[in-house]
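J.: structure for the following, please:
(one chain, ligands or ions: 1)
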Amino acid sequence: MTSGKPIVLGVLALQGAFREHIAYFNCILDSNPDEYSNFDISIIEVKTKEQLEKCDSLVIPGGESSSISYISERTQLLPHLYDFIANEQKKTWGTCAGLIFLSKEIQNGIENQKCLGGLNIQVNRNAFGRQLNSFEIDLDFSKFIKGCDKFPTVFIRAPVVTKILDGNCNAVEKGIIKSENTYHNSAPTEILYELKNYNNSNNDLIVAVKQGHILGTSFHPELSDNYSFHKWFLDDFVLKSCK
Ligand code: GLN
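T.: Coordinates of the predicted model:
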């Protein structure tokens, strides 16, 4: 029986790799019981408004952003997700499709696909091409995650952040889906990682960003064999503000 501060970490479970995220967080808690003894942390699947209301934090998994969007509309969760990400007390992280869903603008989106507008970014969906162009690469995240200098990242039909947007730009642009959420995140958008020289390209590709209470990564840390990224999110995002 734990008596620590209750924290509920939700994983959006409409579609995609939500079970993997839940397994990673559970593994962190099981492997480091003493470290988290001041908290009573539960990891829950989120499919409904009632489950979302319990959450202090939310992870939006990889999968297919258009499916996540359609299912959230069909189940009427979408307006509650708009409110959730607008609440700066609620720490949110999107991986791959989750990053696309959290963005303000989508390039190469599917008709009627919605985005939550929590991150002031434009993303190019499937920027690396098709499933066949998926790849794995070790990246050095030690600038923001201590000791994490060789993290095995997995990119599957991954998006790239193509623009950091300043201000509210609601003008219609051909081929660009814009968020209908009126929330404007006023925190600075920090680029956490740029992929250099990918396929001999001269362009640096932005694949991880943080804007205040929201984090987005193009890759899938939940599909690597290393939980450092999840532990960093739990320790530095979710729990730091609760200590
Ligand atoms: N490109 C996919 C999308 O549009 C995301 C792929 C993924 O999450 N692995 O949602």
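J.: use CA for all of it now, contacts and neighbours both
T.: OK.
J.: list the beta-bridge partners for the residue most central in space within the chain.
T.: Compute the mean C-alpha point of the chain, and by C-alpha atoms, centre = their mean the closest residue is G94, 1.1 Å away. Note on G94: beta-bridge partners I60, G216, judged by DSSP bridges.
J.: let me see the ranges of the helices in this structure.
T.: Remark: helices assigned in the chain by DSSP state H are 18-31, 49-53, 65-74, 78-86, 97-102, 228-232.
J.: and these as a markdown table, adding mean pLDDT?
T.: Listed next are the helices of the chain as a markdown table, based on pLDDT from 0 to 100:
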| stretch | mean pLDDT |
| --- | --- |
| helix 18-31 | 97 |
| helix 49-53 | 98 |
| helix 65-74 | 98 |
| helix 78-86 | 98 |
| helix 97-102 | 98 |
| helix 228-232 | 96 |
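J.: ok, which of those helices comes nearest N203?
T.: helix 97-102 (20.3 Å; C-alpha to C-alpha).
J.: what's that closest one packed up against?
T.: Secondary-structure packing of helix 97-102 (3 or more C-alpha pairs under 8 Å, 6 or more residues apart in numbering; DSSP states H and E): strand 57-60, helix 65-74, strand 91-95, strand 214-217.
J.: which helices and strands does the third one pack with?
T.: For strand 91-95, the helices and strands in contact under the criterion 3+ C-alpha pairs under 8 Å, 6+ apart are strand 57-60, helix 97-102, strand 214-217.
J.: any chance of the helices of the chain in TSV, plus distance to the ligand and mean neighbour count?
T.: Supplementary listing: these in TSV, determined by distance: least, C-alpha to the nearest ligand atom, whole Å; neighbours: other C-alpha atoms under 10 Å:
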stretch	distance to the ligand	mean neighbour count
helix 18-31	11	17
helix 49-53	21	16
helix 65-74	3	19
helix 78-86	16	19
helix 97-102	4	32
helix 228-232	17	18
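J.: reformat those helices as CSV; add distance to K114.
T.: As requested, the helices of the chain are exported to CSV (distance: least, C-alpha to C-alpha, whole Å):
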stretch, distance to K114
helix 18-31, 20
helix 49-53, 18
helix 65-74, 6
helix 78-86, 9
helix 97-102, 7
helix 228-232, 26
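J.: show me where pLDDT drops low in the chain?
T.: 1-2, 167-170, 243 (pLDDT under 70).
J.: how about the residues of this protein near the ligand?
T.: Applying the criterion C-alpha under 6 Å from any ligand atom, the portion of the chain that neighbours the ligand consists of G62, G63, E64, S65, S66, C96, A97, R125, N126, I156, R157, A158.
J.: apply 8 Å and report the result again.
T.: Among all residues of the chain, those adjacent to the ligand (criterion: C-alpha under 8 Å from any ligand atom) are 16, 61-68, 95-98, 100-101, 109, 125-127, 155-159, 218-220.
J.: just the buried members of the residues you listed?
T.: By the neighbour-count criterion of 16 or more other C-alpha atoms under 10 Å, the residues of the chain next to the ligand include these buried positions: 16, 61-68, 95-98, 100-101, 109, 125-127, 155-159, 218-220.
J.: re the thing from before, closest to F237 out of the helices and strands packed on helix 97-102?
T.: Proximity to F237 (C-alpha to C-alpha) singles out strand 91-95 among these, at 6.4 Å.
J.: now that closest one - C-alpha only, PDB.
T.: Backbone C-alpha positions of strand 91-95 (Å, rounded to 0.1, in the frame of the first residue of the first chain) are rendered in PDB as follows:
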ATOM      1  CA  LYS A  91       2.300  17.500 -19.400                       C
ATOM      2  CA  THR A  92       1.900  15.900 -22.800                       C
ATOM      3  CA  TRP A  93       4.200  13.900 -25.100                       C
ATOM      4  CA  GLY A  94       3.500  12.800 -28.600                       C
ATOM      5  CA  THR A  95       5.600  10.200 -30.500                       C
END
